[in-house]
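Novice: compute the structure for the input listed below.
(one chain, ligands or ions: 1)
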Amino acid sequence: MLKTSPIGDLIIELSEIDSTNNYAMRLINEGMAEHGMTIRADFQTNGKGQHGNVWQAQESKNLLCSIILDTHGFQLEKQFLLNTMACLAVAETLVQQYFLQDVSIKWPNDIYAGKRKIAGILIENQIRGITWSHAVIGIGLNINQNNFEDLNRATSISIETNKQFKIKQVNKVLLKWINIYFQKFSQNETDLLKHYNQLLLHVGEEINFKRNFEYFKGKLLGVNADGRIEIEINSKIKKFQHREIELILS
Ligand code: BTN
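Specialist: Below is the predicted model of the structure:
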């Protein structure tokens, strides 16, 4: 199904909210959601990260937004492909518009600039029976924040470029790239996964992993269409799902 109305035509701007993802989900549940509707907030009191973590962001310094996508007509198996399109749109924004060097994707959906995380993505799906009705793409992109509790692991566009940026403007650029990549997703483009794998952090490298409290080494081969990571361990290829295994960054 090809959605024609551009994503981001309607942006709801909020000064404070619990979580833009929660707000988007409430709109969906109340039947008020439209494809492409975007919610952006200056501050979240209960920003949500992956694995039930909290997403912390200083007020008015970063992009905190959620994009509602109508996914009726798409197969549930395409969920990981939707994740690849969101990751690629964020990465393209950073590379094409802000000329960031060394942008990569840490499996499954963290965006890195060099060795530090610059953006996180949390996708929540509304599934009714076997119908995938909506997806909420929640994006936290660090823009003007210059200090983080764990400086070694986080960065922002401002830290990388020594410049400040208008958050609304970054949002517009991001939505432009989301539009481009959602078209590719809608057209079932096989290149999405290839492109995702090209940007994959540590692809082709021998790195450390952790599984069930055990550490081991393996060569990261890539990620397949269902989102599983493929690792060569002692000349055998093993596949793992997200949550089953953790990448240990040096
Ligand atoms: C991660 O843990 O890396 C994912 C972080 C996702 C954060 C964004 S901020 C906007 C949207 N609303 C939320 O509550 N979370 C996402």
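Novice: of all of this structure, which residue lies closest to the ligand?
Specialist: residue 120 (2.2 Å; Cβ to the nearest ligand atom). Heads up, the C-betas are built off the backbone N, CA and C, glycines and all.
Novice: that residue - how many residues pack around it?
Specialist: If you count neighbours by other Cβ atoms under 10 Å, residue 120 ends up with 23.
Novice: buried residues in the lengthiest helix in the chain, which are they?
Specialist: Determined from DSSP state H, the single longest helix within the chain is helix 167-186. By neighbour count, and taking 16 or more other Cβ atoms under 10 Å as the criterion, the buried residues in helix 167-186 are 167, 170-171, 173-179, 181-186.
Novice: can I get the CA coordinates of it in PDB?
Specialist: Included here for helix 167-186 are C-alpha records, laid out as PDB according to Å, rounded to 0.1, in the frame of the first residue of the first chain:
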ATOM      1  CA  ILE A 167      15.200  22.000  16.700                       C
ATOM      2  CA  LYS A 168      12.100  22.600  14.500                       C
ATOM      3  CA  GLN A 169      14.400  22.900  11.500                       C
ATOM      4  CA  VAL A 170      16.100  19.600  12.300                       C
ATOM      5  CA  ASN A 171      12.700  18.000  12.700                       C
ATOM      6  CA  LYS A 172      11.700  19.200   9.200                       C
ATOM      7  CA  VAL A 173      14.800  17.800   7.600                       C
ATOM      8  CA  LEU A 174      14.300  14.500   9.400                       C
ATOM      9  CA  LEU A 175      10.700  14.300   8.200                       C
ATOM     10  CA  LYS A 176      11.900  14.900   4.700                       C
ATOM     11  CA  TRP A 177      14.100  11.900   5.000                       C
ATOM     12  CA  ILE A 178      11.400   9.800   6.700                       C
ATOM     13  CA  ASN A 179       9.200  10.600   3.700                       C
ATOM     14  CA  ILE A 180      11.900   9.400   1.300                       C
ATOM     15  CA  TYR A 181      12.600   6.200   3.200                       C
ATOM     16  CA  PHE A 182       9.000   5.400   3.900                       C
ATOM     17  CA  GLN A 183       8.400   5.500   0.100                       C
ATOM     18  CA  LYS A 184      11.200   3.000  -0.300                       C
ATOM     19  CA  PHE A 185       9.700   0.800   2.400                       C
ATOM     20  CA  SER A 186       6.300   1.000   0.800                       C
END
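Novice: can you give the distance of the longest strand along the chain from its chain's centre?
Specialist: With residue count as the measure and DSSP state E as the assignment, the chain has strand 116-128 as its longest strand. Relative to the centre of its chain, strand 116-128 is centred 5 Å away, using Cα atoms, centre = their mean, to the nearest Å.
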